[in-house]
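Asks: Below are the sequence and a predicted model; questions follow.
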Amino acid sequence: MEAACKLKEMARRQKQHRWTRREQSDFYRVVSSYGVDFDPESRRFRWGRFRSLARLDRKTDENLTKFYHGFVAMCRQVCRLPPAPGDEPPDPSVPVTPISSDRAARTLRRLTLLRRLREQVLRHPLLPTRLALCPTPGPDLPSWWQRGRHDGELLHGAARHGLARPEAAILGDPDFSFLASRCRFLRAQTAAAACGALQGGSMGQPHRVVVEEEEEEEEEEEEGEMMGKMAANGSESSSSSSSSSAEEESDDERGAVPPPLSNDDDDNEVITKITTITRNGAGSVAPN
């Protein structure tokens, strides 16, 4: 009986150390969009949120840490880059399937951006002062964008949600003021149009303005519902896919092709804004 228990425990540990193609695909999907949580004070990774997003519940913190170091080493090797200062050497017992150089380069850029954001920029005591110095919003940002306030919320939203579908996850987050600011801006526009129509003195115009205002309100409600659904879509898909986690390993063993990897562009306007704020603050916000 004791020998059987030991064999069972050895089999369980071997399964934890072995990474299937699907598990590697899920790891890449999340590390390239969410990054990793690292506590610079304790010098330890926090894998709770990452494990949930990647549906890697069977992997321990040690498994994830070892694979992460091997994954980063693989990306740098594919890009023909030397190990970065502080990088831990990969564990030869944890093989990592190589990815293309384009995907490796993009993943390294995003990892650097998100780690700098979480570990340096958001922790700096002068961040509010620096955000107040943000330039006036340019034409690539909406008219309702509030300089400083929305820039800070965008950084906190990226740290919370990562860079996957930022228009839905970050801008649709009810804890931030993006949706409320947009609704106020639309209401102000509608009111200004109504006042202009009344001052024009047209007899048929007021009725048309009221109709347009009602249509505008309906559009706002529909868009608010859509943003809420899009923001909740990630958690719904995660819960629905967790029911099939028991089938993942058998699918991989049968040679099933893993889900397509993310093709998010770094040219996304929201990601570009996050990158600009973080890089501009690197010299003055990030601690030495």
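Replies: Received the coordinates, thanks.
Asks: got the buried residues for the helix or strand Asn63 falls within?
Replies: If you go by DSSP states H and E, Asn63 is part of helix 61-78. Residues of helix 61-78 classed as buried by neighbour count (16 or more other C-beta atoms under 10 Å): 63-76, 78. Quick note: C-beta positions are derived from backbone N, CA and C, even for glycine.
Asks: again with stretch 166-178
Replies: For stretch 166-178, burial by neighbour count (16+ other C-beta under 10 Å) applies to 166, 168-173, 176, 178.
Asks: Can you get me a residue count around Leu108?
Replies: The number of residues packed near Leu108 is 18, by other C-beta atoms under 10 Å.
Asks: Provide the secondary structure category for it.
Replies: helix (DSSP: H, G, I helix; E, B strand; the rest coil).
Asks: May I ask which two of the buried residues of stretch 166-178 are separated the most?
Replies: By the measure C-beta to C-beta, Ala168 and Phe176 form the most distant pair in the buried residues of stretch 166-178, at 12.6 Å.
Asks: after the helix or strand bottoming out on mean pLDDT in the chain, next one along is what?
Replies: Lowest by mean pLDDT, DSSP states H and E among the helices and strands of the chain is helix 248-253, with a mean of 46. Next along the chain after helix 248-253, taking DSSP H and E as the criterion, comes helix 269-280.
Asks: residues in contact with that next one?
Replies: Contact with helix 269-280 is made by 113, 116-117, 121, 134, 140-141, 151, 154-155, 158, 163, 166-167, 170-171, 264-266, as judged by C-beta atoms under 8 Å, 6 or more residues apart in numbering.
Asks: Tell me the buried residues within those residues.
Replies: 113, 116-117, 121, 134, 141, 151, 154-155, 158, 163, 166, 170-171, 264.
Asks: Now for those: which two are most distant?
Replies: Cys134 and Asp264 (24.5 Å).
Asks: Let me know the helix or strand that His150 is in.
Replies: helix 149-161.
Asks: pLDDT (mean, whole number) over that helix?
Replies: Averaging pLDDT along helix 149-161 gives 95.
Asks: right, and the helix or strand after it?
Replies: Sequence order places helix 166-169 as the next helix or strand after helix 149-161, per DSSP H and E.
Asks: Moving along the chain from that next one, name the first helix or strand you hit.
Replies: The helix or strand immediately downstream of helix 166-169 is helix 178-200, counting by DSSP H and E.
Asks: C-alpha coordinates for that following helix, CSV please?
Replies: What follows is helix 178-200, C-alpha atoms only, in CSV (Å, rounded to 0.1, in the frame of the first residue of the first chain):
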residue,chain,number,x,y,z
PHE,A,178,-13.7,56.3,-18.7
LEU,A,179,-17.3,55.3,-19.4
ALA,A,180,-18.7,58.0,-17.1
SER,A,181,-16.6,60.7,-18.8
ARG,A,182,-17.7,59.6,-22.2
CYS,A,183,-21.4,59.7,-21.2
ARG,A,184,-21.0,63.2,-19.8
PHE,A,185,-19.3,64.3,-22.9
LEU,A,186,-22.1,62.9,-25.1
ARG,A,187,-24.8,64.5,-22.9
ALA,A,188,-23.1,67.9,-23.1
GLN,A,189,-22.9,67.6,-26.9
THR,A,190,-26.6,66.8,-27.0
ALA,A,191,-27.5,69.7,-24.7
ALA,A,192,-25.5,72.1,-26.8
ALA,A,193,-27.1,70.9,-30.0
ALA,A,194,-30.6,71.4,-28.4
CYS,A,195,-29.8,74.9,-27.2
GLY,A,196,-28.5,75.8,-30.6
ALA,A,197,-31.6,74.5,-32.3
LEU,A,198,-33.9,76.4,-29.9
GLN,A,199,-32.0,79.6,-30.5
GLY,A,200,-32.3,79.1,-34.2
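Asks: Report all helices and strands that it contacts.
Replies: Applying 3 or more C-beta pairs under 8 Å, 6 or more residues apart in numbering; DSSP states H and E, one finds that helix 178-200 contacts helix 149-161, helix 205-242.
Asks: Between those helices, pick out the one with the smallest average pLDDT, please.
Replies: Among the helices and strands packed on helix 178-200, helix 205-242 carries the lowest mean pLDDT, a mean of 51.
Asks: Please name the nearest non-neighbouring residue to Leu122.
Replies: Spatial nearest neighbour of Leu122, excluding adjacent residues (C-beta to C-beta, 6 or more residues apart in numbering): Ala159 at 5.9 Å.
Asks: Equivalent analysis for Phe38, please.
Replies: Distances taken as C-beta to C-beta, 6+ apart put Phe45 closest to Phe38, at 5.3 Å, once the chain neighbours are dropped.
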